[in-house]
Each structure stands twice: as C-alpha cells, then as structure tokens.
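K.L.:
Predicted model and sequence below, questions to follow.
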Amino acid sequence: MASSPHPWLKLDVDALAIADQWIRMTYASGLLEPLARPVLRCVSADAHYDQVMPAALFGRAFWLGRIPKGSTEIWISPTNRCGAFSFRVEELETVGRVALLWRLFRESPWRAAKCVAARIFGHRELARLHLRRALCATRLNRYDAWRKARLRPFEPATFDRCEGRAIRQPHFRILAQRDREAPEGLNSLLSQLSAQPYPNWTLGVVGAPARGEESAADERLMFVDAHAPLGDAIARLDDDDFVIQLTSGDLLSALALEALAGAIARDGDADAFYGDEDRVDGHGVHCSPRLKPDWSPRLCESTPYLDSAIAVKAKVIKGLGSVGAMSRAGDIANLGAKLDPSASKVRHIRRILLTRRSTRQDQRGPSRFERRTLLDSGRVSSMDRLATIIVPTRDRLDLLEACVESVTTHARAESVEILVVDNGSVEARTKAYLAKLAKERNCRVLPLPGPFNYSQLCNSAATKARTPFLVFLNNDVEIVEASWLERLLVFAGRPDIGAVGAKLLYPNGRIQHAGIVVGIDGLAGHFQRGLAASSSGYFGRLRSPHEVSAVTAACLAIESKKFFAVGGFDERNLPVDLCDVDLCQRLTERGWRTVCEPTVRLVHRESATRGANVRLDDRYKAQHDYFRARWSDAIRDDPYFHPALSLDTLSPALG
C-alpha cells in the first residue's frame, strides 16, 4: 500500500557489482492498477540518477539501461499514485558490451555505425542516445511479438470495497450491433461477457433475434428494436450506470469490465471512461495498437479518437436522447462522439480493453462537433493591436530580415506590433536595419545588451507590450501563410487554454515541431520530428488541434494576463534551454491547457542562431538538472503520451 504518490522500494542487489554496466531487468505489476512508468533510482555517494522505465501494459515489462558508475544503492518507485499496488522484479541480468553492440548492429546498422563513431570521438552521451534509439523502442508493426512477451494471466479482483468504505457496483448495459461479416460474433460476445469476473451487466442486441437466439440461456441477453427510442433500452438503468456500445465481432479483454468498475470506484463523478484498443487479423495476430492519450478535448472535437472502448454514464445518454441526439436504439455508433468535449468529465483507462477484427471496415464516423472559434464570430478580426510579436535577436541580419518581412506580409499592420529585442548586435548592417525598423509605425526595437538569456529577453519585452496577446517568435522562423495569427489566437483566447503553438517545418518540408512530449530522452523532445509535412501522425494529431504538455517558444502565443500570472519565463533557473516547457508546465499547474494547432504551418531554421544538439551540450547541464528535479512527475507521466510508448525515440514506438 503506497501512502504517498512516490513510494520507493530498495532492490536487494549489490549495486557496486553492476555499476558502470548495462543490465536488462524484467518486472511485473498488477493488471488492474492505474498504469504508470516505474522509476529506477541509482544512488551514489553524493547524488542520485533517475531513469524512467516502460510501463507494464500487459502485466510484465523489460528495461535495458546502464547503471551509472559509482552507484551504491538501487531503488525503484513502482507507481505514482497512493493506494494498493503490486510489483516484483522477476529477473536482472547484465548485458556485455559486445552483446550490446551485436544487438545494435542487428537492429540498426546505421545507428550502430553512428554509435561507434560517437564513442571514438569521445561523445559518450551521443553514443548512448543512438543505442537507446535502436534497442529501447519496438516498432509498432512488431506489436504481436511485443505483446506476447509481456502478457501475464489476468487475476480477477473484486471491487466491493474501496479504502474501507462500501461502494456501489455499477451496472453495464452493453448495446451491440450485429456484424454481417461475422454472424457468429454474437455468440462469441455473449460467451466473453459470461466469462467476465464482473457480473453486473446486460447485453442488448439491436434488431430482432435470429433463429435459435430467442431461447438464449443467459437471462441477461435481450433484443432491442432498432426503431425504438433509445430511452426504452436504458430505462431500467440508474443514472449512475454505464452504457457500452460494441459490434458483435468485438473481443473484450478478460479484464475489461473489472477495470472499468475499478476506475468508476476511484472516480465516480466522471461522465465517461475509455480504454485502449488493438486489432486482430484472420490469423489471430494482434496488430494496430491504439494507445490513446489521456482526455484531450481539442483532439476529440476533430477526431473521434475515443472509438468503441468507452463506457458512458446512463444519465448522459438519457440527456442526449431527450434532445434527439440519440433518438433510436440503432443510432449508437460512436458514443464518444456524443460527448461535449468542453463540458464532459472523461477519464482514460490505460489498458487494452477491446480488440476489433481487422477484416471489418472501421466504423468510426466523423465527430458531430463543429468547431466554433473567435475567428468565426469576428471577435479576433475586429480587435485593434491584438498581439505583440516578440523577436529576440543578435545580429544574423539574414534571419531577422526574413522573419520580420514575413510577419509584415502575413499579418495586418493595424492588428499587431513587432517588438524586436536586440541582445547587443554589433554588425553595422544589423544596426542600420534596426534603426530603420524603429521608425516603422508598427515596429519597435528594445535594446537589451548582455549575456544571452532568452528568458530574460522575452520577459523584459513582455512588460513593454501594449496588447492583450503575446506571440514569441524566434528570429529564424518565417511566416508562410495568411491567417496564421488569428488561428493561434482563437485558442489562446479561450479561458481554459494557456500556451498555443504551431507546426514548424524545416526548410526541406519535414516536421521540426508539432508538440513536445515531456520525458523523451529524460527531458523533453519534439515527438514525430522528421515526418513529412503531409503526414497525419499518430492519432491524426499532425492535422488536428490537440492538447500537448508543451510547445516550443520558437512560436508560442499566449494571453498577456496568463503569461504574467505564472511569472513569465524562468530567467534564473532556465535562461536558455527548456524555459518554454517549464512555462507550459506552470500554466498546467494553474489549470490552463497547452494546445498545438498544426493547421498553422511556419518554417523554422531550427537553432540557426545558437546551434543544434543543445540537449547534449554540457554548458546546459545545470538547467537540465534543475528541470529534472522540478518536473520529475511530468517526465515520468506525460498525460498526452501513453506510458506504454517508448520515451527513447521521437517516433511512435513501444517501450
């Protein structure tokens, strides 16, 4: 039983004997507990080093990593929540460097070559980065083998008690439509439900019974007239019971109903609970895992990512039925699409609850929601001096001139002011250009010489802004389309949203930024970097606005009052790196979500001013150490990045 969200267990192992070696650890955890990544802590004489491990989605997981030199103790934090948990280390073995390199060459010869080259030239961290990219992430097309290696038998539990208090067990009304491609699916579904350890369910099949089905032995099976009002099908349910929509060919996991009941016991005020899904082909091979983010209202507005593994509270469905949104029992497709994203309380169960047959056409329909924006209502376009665009710079006139010109070309002069923050430019051509800019009607120049402190430059400029919105823009970013600003401010102006970012593209058209995942490479990373601009991305997030944990300050829009409410950028602890991620995390603490709007596309010549590979630069070590200590919870558990996904690669992969 964990009395705090950070319980620690000491490993009974000789840490000195395995220090400075790579190890492979096999561990197991409970299948009905909230899924979380464990944290491995290696303690030395004067410090400790934490490494985040993969979550045990199917009850078992593996970790491959290096124990730092000088480690004297090894601890593990198995969960990040209070309450009962189970965890055990099943095996721990060392992996020799020769075996490691051999595995690396088999997995990725080109990464192996880069790893060896980096090691030869003394770049140890870069070498380890290449090794983790290849060996600590499994491609999604290997899901079936990955799943089998981690699958543990389900051990049912009961949910009649919760923290010593009696609780009411919810009733699940499963509404199923026949699958014409799998007519035997109804019997299969009924058999699955009968085998579920959780007993409180009834199955309502939409349509008249087929021959022989009228005499089904299970009294919990009923047939619902496809033309009857939906209320007739759920009339006997209490408001706090739940409705689940399936197709008769769907396969429920053995833990599905117990996992749902346990989540409801922990959070009965929620309107809906959804889980993860996969598919199975005609040969019984599992594929296409859909490991979903936690509740993302903006994504739900444009993409019905909740799919079928969802249970919706009966009173919510009754309310929808009363206004005709679900007036017929046959109209049960996509319960998740019936929810109001802005008003619903929705919780994610991070487990595979449903397997769908890949032989069927995907029945996901379009969301019923139409995004209403400030732009649609004219509130943005009618405001004067709407935003201050803050551009820090030091010389590099080639970049600055292109940036400013692109802004003036693609933003109405009367709606913005451009504030260039000059961090001590010395070149004559740059000074002449800045003097010219200062005379423009919608431009100002703020001289701030001194050591480069990006956070301080931005904070100082923000205090001089005269508009309700701030847009931080790097001098190596170019605007390439109209209405970019209005589309960012549409979201920035919403009361529940803090920072808003755009999709940034390299000059070659590949994606540089479409949202930041906290925890990648132990800090934070640009997930899906390098994909083509036309890619839809994981869950379609490269085409749809969606919540993320952070966006880059290379292009970041925010209301001035929200920026100052959290104290702006941290110029003391994070003067250069990770200050944008830190800002977004502090906004989250205040209840403001961060959104990436990928329909806004800009060109970013990334780090043209200060170089690439900042995360491997020892000059920023103190900033990285501070970030790890300040945001250890976020590094462990980014809510918009499933804990079964790998944190050791920028592409969707299994951990």
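P.N.:
In hand now; what should we look at?
K.L.:
contacts, neighbours, all on C-alpha from now
P.N.:
Noted.
K.L.:
pLDDT on stretch 618-633, on average?
P.N.:
In this model, stretch 618-633 has a mean pLDDT of 93.
K.L.:
residues in contact with that stretch?
P.N.:
Gly522, Leu523, Asn573, Leu574, Pro575, Asp577, Leu578, Asp582, Val614, Ile635 (CA atoms under 8 Å, 6 or more residues apart in numbering).
K.L.:
For Leu583, see how far away the third one is.
P.N.:
Translated: Asn573. 12 Å (CA to CA, to the nearest Å).
K.L.:
same deal with the fifth one?
P.N.:
In this structure, Pro575 and Leu583 are 12 Å apart, going by CA to CA.
K.L.:
more crowded one of those two?
P.N.:
Just comparing Pro575 and Leu583: by other CA atoms under 10 Å the higher neighbour count belongs to Leu583, 22 against 18.
K.L.:
Isn't the more buried one up against Glu571?
P.N.:
No: Leu583 lies out of contact with Glu571 (CA atoms under 8 Å); the separation is 10.9 Å.
K.L.:
Buried residues, the helix or strand where Lys436 lies. List them.
P.N.:
Secondary structure from DSSP states H and E places Lys436 in helix 428-438. Across helix 428-438, burial judged by 16 or more other CA atoms under 10 Å covers Thr430, Lys431, Leu434, Leu437, Ala438.
K.L.:
Within its sheet, name the partner strands of the helix or strand following that helix and how each one runs.
P.N.:
Using DSSP H and E, the helix or strand that follows helix 428-438 towards the C-terminus is strand 443-447. Take DSSP bridges as the rule and strand 443-447 pairs in its sheet with strand 416-422 (parallel).
K.L.:
contacts for the partner strand?
P.N.:
384-394, 404, 442-449, 457-458, 461, 465.
K.L.:
and that strand, average pLDDT?
P.N.:
pLDDT averaged over strand 416-422 gives 96.
K.L.:
Now list the buried members of the contacts of strand 416-422.
P.N.:
Neighbour counting with 16+ other CA under 10 Å marks 385-394, 404, 442-448, 457-458, 461, 465 as buried within these.
K.L.:
Kindly indicate whether Phe627 is helix, strand or coil.
P.N.:
Three-state call for Phe627 (DSSP: H, G, I helix; E, B strand; the rest coil): helix.
K.L.:
What is the neighbour count of it?
P.N.:
21.
K.L.:
Give me the below-cutoff pLDDT ranges for the protein.
P.N.:
Along the chain, segments meeting pLDDT under 70 span 156-168, 178-183, 185, 207-218, 224-236, 320-335, 337-338, 359-385, 606-617.
K.L.:
Following the record's annotation, map out the domains of it.
P.N.:
Domain assignment for the chain by automatic domain parsing gives 9-150, 161-357, 383-640.
K.L.:
Can you tell me which of those is nearest to Leu650?
P.N.:
domain 383-640 (4.7 Å; CA to CA).
K.L.:
Redo the contacts of stretch 618-633 as JSON lines? Include secondary structure and distance to Ser296.
P.N.:
Shown next, in JSON lines, are these (DSSP: H, G, I helix; E, B strand; the rest coil; distance: CA to CA, whole Å):
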{"residue": "Gly522", "secondary structure": "helix", "distance to Ser296": "24"}
{"residue": "Leu523", "secondary structure": "coil", "distance to Ser296": "22"}
{"residue": "Asn573", "secondary structure": "coil", "distance to Ser296": "30"}
{"residue": "Leu574", "secondary structure": "coil", "distance to Ser296": "28"}
{"residue": "Pro575", "secondary structure": "coil", "distance to Ser296": "31"}
{"residue": "Asp577", "secondary structure": "coil", "distance to Ser296": "27"}
{"residue": "Leu578", "secondary structure": "coil", "distance to Ser296": "23"}
{"residue": "Asp582", "secondary structure": "helix", "distance to Ser296": "20"}
{"residue": "Val614", "secondary structure": "helix", "distance to Ser296": "30"}
{"residue": "Ile635", "secondary structure": "helix", "distance to Ser296": "19"}
